[in-house]
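> Following is a predicted model, sequence given first.
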Amino acid sequence: MADQLWLWAIPALPLAGSLIAGLLYLLGIERRAAPAHGAHDAHGQHSAHGDSAAHAAAHAAGHAAAHAAGHAPSHDDHHDHASTPNKGSAKLAALVACGVMAGALALAIKGFFALRALPEGSERVLESTPWHWIAVTGFQVDISMVLDPLSSALCLVICGVGFLIHVYSTGYMKGDPGYAKFFAYLNLFVFAMLMLVLSSSLLGLFIGWEGVGLCSYLLIGFWYAKGWPAEAAQKAFVMNRIGDASFLVGSFMLVKLFGTLDLSDIVNSIGAMVRSGEHTTELMVAALLLFGGCCGKSAQFPLFTWLPDAMAGPTPVSALIHAATMVTAGIYLVVRLNPLFAASEIVLFVIGVVGALTALIGASTALVQRDIKKVLAYSTVSQLGYMFLALGSGAFAAAIFHLITHAFFKGLLFLGAGSVIHGMHHEQDMHKMGGLRKQMPRTFLTFLCGAGALSGLPLLSGFFSKDEILAHTFASGGAYRVLWAVGLLTAAITAFYTWRMVALTFFGEGRYDKKHVHPQESPAAMTVPLMVLAVLSVVGGALGLPVVFGVAHALNTWLEPVIAPGRDLILARHGGEAHHLSHAVEWALLGLGSAIALFFAHRGFHAYKAGIERDEGLARKRPGMFGFLGEAWGIDNAYTQRIVQPIKLIAFVTYVVIDQFVIDGAVNGTAALARTTGGGLRVLTDGRVRTYGIWIGGGAALVVFFWIWS
Amino acid sequence: MDHLTWLTFLPLIGAALVLLTPSSAAQAQRMIALATTLAVAVLGVMIYRDFDSSILGAQQVVSIPWFEIRGGPAIRYTLGIDGISLLMVALTSLLMPIVILSTWGHIDKRVKEFMVWMLVMETGMLGVFLSLDLVLFYFFWEISLIPLYFMVGIWGGERRIYATIKFFLYTLAGSLVMLVAVIAMLYQFNSADIPTLTELAAALPADKQGWLFAGFALAFAIKVPVMPFHTWLADAHTEAPTSGSVVLAGVLLKMGTYGLLRFCIAMFPAAAVQWAPLFMVLGAAGIVYGAFLAMAQNDLKRLVACSSVSHLGYVILGMFALTSAGLQGGVLQMVSHGMSTGMLFLLVGMIYERRHTRALDEFGGIAHSMPLFAIFLVIAVLSSAALPGLNGFVGEYLILKGAFDANQTLAIVGVLGVIFGSVYLLVATRRVLFGPLNKRENRELLDLNAREIATLAPIVLFIVWIGVAPTPFLNKSQGAVDVIVRRCDEARALKLATVTADPADAAANLTTPTRR
């Protein structure tokens, strides 16, 4: 169904909210503008504005002091809490931001039901009127908003989880001087994310793709005055750009192959192209290049190192952007263009290997982190790896299933961690926590639900989605069995570090300074979203119960029209035979998964229930391994030494040696040559009759000489 | 009089009015200059509105006999506008009031002369974009060189004399080579009419075109500047007053790319096809090279100047792809670069006026004391870094797409610029705006005032406008670009065909001058 203009309202609402909140922020800030007329020189500034300058100095000094006071780099400190109550305009901005999110959620729900009312199959699509973005002779980009089963599912997640996190932020960010700005950015992010999933064109998707990257940049660097968040923001943007460069080249290849960037046109023409056997290599290269983009955005090896640093942003940002939505954009892209990736076995296997490797690196690094947000960050890297492992096995629906359950439980865990950090006065080091279950019961109970789901405890949401991925990988056979084993190992590590985190945070004795820190439960604005997400984390598995349970897999059925083209290509390669596991094997895998989760969850919990001795012991006995794991296998340091430093050096050498010395030297050398030559010739014309006489006489003598001589 | 003549010479009338004021009436001189440029802008908008995109060639043509060369062609005063010059004229006429408004902050001595030079320069630039007579074009080309010489030399920084002489001599050297080519054209074809010459020269064989192409190309390549002719630019920018830098980056450099398109590619398509690979290499190299230079800078203004080398590398890469997407992208990127780099120079000027330094390590945390400045700087940086939805992206994507169709390797080198570009821009942004506010001078900084906001806001409007709805702008230049692409395609086909043809024919063509 075309011309559904209202679909534009889904992204437009948060955009409007963002603009309004941004304006309110601008109205709310205290600004000292320079005088409007005349040139300002330093002199005039100091004398004429002495008063306000002095005021500013005092003001800024206050800020600097607030920022300098005892912040180890792992602390999520920020607010000049309570000292600066939010202005009316800031509160209004938050209200607008939450309001537009509620509106967008309502529209997403409306869209879902409108879609469900349509007959099943490929006709289940709603499309808006197009926006004719770019048009030159021979190349055109029209973008419309498309609601199909896949984008509808993601819209619900984005708007639903997004709404909850907006509400949570009204409590978490209370008292922050940038309160209104925060909501402006958050709304802008939701706009970009919705553009990403709703766009009909790869280039429209790219608007969202870079847009979410921008918002991520702005929000990671939200507390820019501290320095390292600004550096983390910059790192995130640049690493994403590396992926985006790959994405761009991939898009050029697609235009060359298909003459269009319209996603459904591309999907519809791939089947024929694959069957014709033409352009096999180009298709493969294009898919790998787009996957390069996914590695940046979804923090996969080798581009994952920005995500742990991104934790410098406020915790709601980590929950929304760096766990639930933005980082899953790569998974969305692969599912959206699934036949392109399914067209080549090599591409699928590369995706699977990268996914499994990233899952293992992330999980093993999370094992030894002390910062609660870092544990969750590496866990997210690892879980995203699972999703790519699913994609690599051709299990597109399973990847989306895990994407959804992960959005619930990881969003919950981040928000829970935020609640802990909030209650602990911005302490993030788990070694300085402990026993918080008594002071923060609601946070504790909801956190347990999230931890259970993440570690794959039986019957919770993460259990089903993770099991489905592992079952698919197992069923793919061959080399995929190795990936399956890696996935299983990762599951064990995941259960261990999750319950280590629970034990260190909520159990044992409080290891904080009890004189100064008085942990307290967070306000309702924060705990209610926790409860909602806790319920979803527990029951979310109902979206995709295993076939052996004897019920229909709801999500598979729903996504069927989207994933059919890719799955059919894979099936065709295997002569129409799907990899089927017998019920007995399925049950065995389920049992194995449950046993591993339970066993390692217990081990992790047990080892840290009493305190941090085990960590200290490990750090003493195996410092090498401890350091290796703690720094994510040393990959980030290797980048700094092998890539960043050399590039800085090359830039310097380029400027000083090549540019200044060689190229500009040649230019100035030419000028100097002209000057020297001119200076030399000047003796010919010094204006004295005697000199001229000598030259004339000498010349005449020469002429005569040559005349006689010849 | 017709619109185009009014447009071109209105600034001169304004300059005459400024000359009539007493030297001490600085504010009056500023107001006259501002009013004049605003009137030109209004006229520019009217011309833009009246432009008929369905006409492929020049329109609104005005042609009056000027003088005759004995034994040579009649020189005429001919102005006309096509889609490409339209966009350049629009850029020039809209940027100039902003430039004049920006001088309030940094030109406080010899205001009268400065305004006169600015207005003379506007006439020169508009004349370059509108001339349809080769001699008239050359006349305006040289006229536009002189004002900047004085602007840098009188109102510039410490090394202003070195910078301005370098800029002047370097570009003049190129211009003189072009003059030889111009004279050769006049006598070869006995015409100075650019559309006529375009038809006639395009029919020449490739080797004969090559010499003329080279003569023009050198002058334009220096002006753009194409790597490795770029070293005058960083010096000129570093020493020029803010407003001079904005005009230089915003418009003057575009005269080079415009010339490459109008003369080198459109007049000598066969030579262009032959030389395109070299220029694409220089363009792609310039993108990466300029980015590396920018990374190594500590002076913020020099950094922006180096980024210009990188951005204009994109224009060169796209134009010499000789595809519709590449050329259209190149034309739009000229406009976009004028906006984003012009805005960056304005912002650098604003902070320089307050702090009297541009060294990156002198700043840090300024977003705290100057929140509005920070917002504008981030917008300019994102525009420059080609964020989708802002102006820079459209041009850059089309350029790289067009280049990819012509030469995949070079396009991929160009794409690397997307990464390096974000590096130097974001590092500079971070070092200026973010981090702790730990310098006393920076804490006392005053945020932008109404005048400064007024200079930036219109640019932001266009940055978003072009980014969201580029098609109406692209449509304007599509016709003119299509003609050029067709010529190049024909030349390419001919090149393939003449491999087997009789070389004697070509030689015969060469020696017979075509007379009208």
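Cool, got the structure. Residues are numbered from 1 along each chain as shown, chains lettered A, B, ... in the order given.
> in chain B, which strand has the most residues?
Longest strand in chain B by number of residues (criterion: DSSP state E): strand B:59-68.
> who touches the closest residue to B:G338 other than its chain neighbours in this structure?
Excluding the flanking residues, the one nearest B:G338 by CB to CB, 6 or more residues apart in numbering or on different chains is B:G250, at 4.1 Å. No exception for glycine: its C-beta is placed from N, CA and C like everyone else's. Under the criterion of CB atoms under 8 Å, 6 or more residues apart in numbering or on different chains, the contact list for B:G250 reads B:L91, B:L95, B:V99, B:G338, B:M339, B:T341, B:G342.
> Break chain A into its domains for me.
Using automatic domain parsing, the domain ranges for chain A come out as A:344-626, A:658-709.
> In terms of mean pLDDT, which of these ranks lowest?
For the domains of chain A, the bottom mean pLDDT is recorded on domain A:658-709, which sits at a mean of 88.
> The stretch 101-250 of chain B: helices as residue ranges?
Across the stretch 101-250 of chain B, reading from the start of the chain, the helices by DSSP state H, counting those that start in this stretch fall at B:111-130, B:134-143, B:145-155, B:160-189, B:194-202, B:206-223, B:231-239, B:242-247.
> Then the stretch 401-516 of chain B?
Under the criterion DSSP H, counting those that start in this stretch, helices of the stretch 401-516 of chain B are mapped to B:408-433, B:440-443, B:450-468, B:471-498, B:503-511.
> Can you check what pLDDT the model gives the residue nearest to B:G338?
At B:G250, the pLDDT value in this model is 94.
> Could you check how many residues crowd around the closest residue to B:I107 other than its chain neighbours?
Closest residue to B:I107 apart from its sequence neighbours, by CB to CB, 6+ apart: B:F114 at 5.0 Å. Neighbour count for B:F114, taken as other CB atoms under 10 Å in any protein chain shown: 27.
> Hmm, A:L147 and A:S199 touching each other?
No: using CB atoms under 8 Å, A:S199 makes no contact with A:L147, being 11.4 Å away.
> thinking again about what came up before, among the contacts of B:G250, name the buried ones.
Among the contacts of B:G250, those that count as buried by neighbour count (16 or more other CB atoms under 10 Å in any protein chain shown) are B:L91, B:L95, B:V99, B:G338, B:M339, B:T341, B:G342.
> So which of those residues is the closest to A:M430?
B:T341 (48.3 Å; CB to CB).
> Just list the residues touching the nearest residue to that closest one once chain neighbours are set aside, thanks.
Closest residue in space to B:T341, ignoring its immediate chain neighbours: B:A249 at 4.5 Å, by CB to CB, 6+ apart. Listed by CB under 8 Å, 6+ apart, the contact set of B:A249 reads B:H237, B:V304, B:A305, B:S308, B:H337, B:G338, B:T341, B:G342, B:F345.
> Chain A: which of these is nearest?
Distance ranking of the contacts of B:A249 against chain A, using CB to the nearest CB, places B:A305 first at 11.9 Å.
> OK, contacts around the closest one?
With contacts defined as CB under 8 Å, 6+ apart, B:A305 is in contact with B:L233, B:A234, B:A236, B:H237, B:T238, B:S245, B:A249.
> how about those residues, which pair is most distant?
The widest separation within the contacts of B:A305, taken as CB to CB, falls between B:T238 and B:A249 and amounts to 12.3 Å.
> Which helix or strand contains residue 318?
I went with chain A, as the question did not name one. Taking DSSP states H and E as the definition, one finds A:S318 inside helix A:315-319.
> should've been chain B
Under the assignment given by DSSP H and E, the secondary-structure element containing B:G318 is helix B:300-319.
> can you list the residues of the stretch 601-710 of chain A near chain B?
Taking CB under 8 Å from any CB of the partner chain as the test, the list of the stretch 601-710 of chain A residues beside chain B reads A:647-648, A:650-652, A:654-656, A:659, A:663-664, A:667-668, A:671.
> Buried subset of these as a PyMOL selection?
Selecting only the buried entries of those in PyMOL, with 16+ other CB under 10 Å as the criterion:
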select buried, chain A and resi 651+654+655+659+663+664+667
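> Count the residues that sit near B:F129.
Residues near B:F129, counting by other CB under 10 Å, number 26.
> Off-centre distance for the biggest helix by length in chain B?
Using DSSP state H to assign secondary structure, the helix with the most residues in chain B is helix B:324-355. Shown here is helix B:324-355, whose average C-alpha point lies 10 Å from the average C-alpha point of the whole chain (CA atoms, centre = their mean, to the nearest Å).
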